[in-house]
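Engineer: predicted model and sequence follow; I will ask about them next.
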Amino acid sequence: MSDQATGADVFRSAKLTSLQARLRQRWQILEDKSVPHRIARWIAFGSLLLLYMFRIFSLGGFYVVTYGMGIHLLYLLVTYLTPLSEPTEGSETDGASLPSASNDEFKPYVPKIMEFKVWRSMVRVVSICFFLTLFDIFDIPVFWPILVIYFIILFVTQLAGRLQHMIKHKYVPWNAKKPRYVSKD
């Protein structure tokens, strides 16, 4: 009798694994189709974030979860604004590097992490935090203005450091108003 139970368990396990693989494959197809639609992806992320904020304000809690989410989103933003290779004083790097004043060759900005991966990670973080708001165990009582002040201080210091780095090495991480190649055809 234990052999029959084991066989049924193996069958259920194989079926569950097959279902997980199909769902993962369908999710990957949806992600792949969304890659060229940058504006639509960020609008969807903004909508998800607004929905999360509406939920937080309507519940009046989950400030620690929201603070953790904000810190992680800030980390992803700073990582995106960080170039792949950090230039050092007096040394020349191979591969992708920031343009320098002494070198007139155009070298594009290459971020440490690509925009799509930043978007995907941000959506994942907001979705997980939204899921955590379904459970009262994560609603830890805290004096939230301290968290807001600390987050603002972190936000200003981190982005000020990135801005100083951009000014020092003369690069811009976004491609708005940059010259684009236009074919003669």
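Structural biologist: Cool, the structure landed.

Engineer: residue 77 reaches residue 121, doesn't it?
Structural biologist: No: look at residue 77 against residue 121 with C-beta atoms under 8 Å: they stay out of range, at 10.5 Å. (Glycine included, C-beta is placed from N, CA and C.)

Engineer: grab the most central residue of this protein for me.
Structural biologist: Central residue of the chain (C-alpha atoms, centre = their mean): residue 118, 3.0 Å from the mean position.

Engineer: do you know how far it is from residue 40?
Structural biologist: 16 Å (C-beta to C-beta, to the nearest Å).

Engineer: for residue 56, same thing?
Structural biologist: Here the criterion is C-beta to C-beta. By it, residue 56 lies 25 Å from residue 40.

Engineer: same check on residue 161?
Structural biologist: 31 Å.

Engineer: helices along this protein, start to end?
Structural biologist: 2-34, 38-59, 63-81, 115-132, 144-169 (DSSP state H).

Engineer: just the pLDDT at residue 41, thanks.
Structural biologist: For residue 41, the pLDDT comes out at 92.

Engineer: if we ignore the residues flanking it in sequence, what's nearest the residue nearest to the centre of the chain?
Structural biologist: Excluding the flanking residues, the one nearest residue 118 by C-beta to C-beta, 6 or more residues apart in numbering is residue 80, at 4.7 Å.

Engineer: what's the answer for residue 67, then?
Structural biologist: residue 147 (4.5 Å).

Engineer: pLDDT score for that neighbour?
Structural biologist: 90.

Engineer: my read is that the residue nearest to residue 118 contacts residue 111, right?
Structural biologist: Yes: counting by C-beta under 8 Å, residue 80 does reach residue 111; the two are 5.3 Å apart.

Engineer: anything in contact with each of these two?
Structural biologist: Jointly contacting residue 80 and residue 111 under the rule C-beta atoms under 8 Å, 6 or more residues apart in numbering are residue 173.

Engineer: one step back: residue 56 and residue 40: which is more packed in?
Structural biologist: residue 56 (18 against 10; other C-beta atoms under 10 Å).

Engineer: coming back round to it: dump the helices of the chain into JSON lines; add distance to residue 182 as well.
Structural biologist: Shown next, in JSON lines, are the helices of the chain (distance: least, C-beta to C-beta, whole Å):
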{"stretch": "helix 2-34", "distance to residue 182": "27"}
{"stretch": "helix 38-59", "distance to residue 182": "20"}
{"stretch": "helix 63-81", "distance to residue 182": "27"}
{"stretch": "helix 115-132", "distance to residue 182": "23"}
{"stretch": "helix 144-169", "distance to residue 182": "27"}
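
Engineer: name the spans of this protein whose pLDDT lies under the cut-off.
Structural biologist: 1-5, 7, 86-108, 174-181, 185 (pLDDT under 70).

Engineer: repeat that for 80
Structural biologist: 1-12, 84-110, 169-185 (pLDDT under 80).
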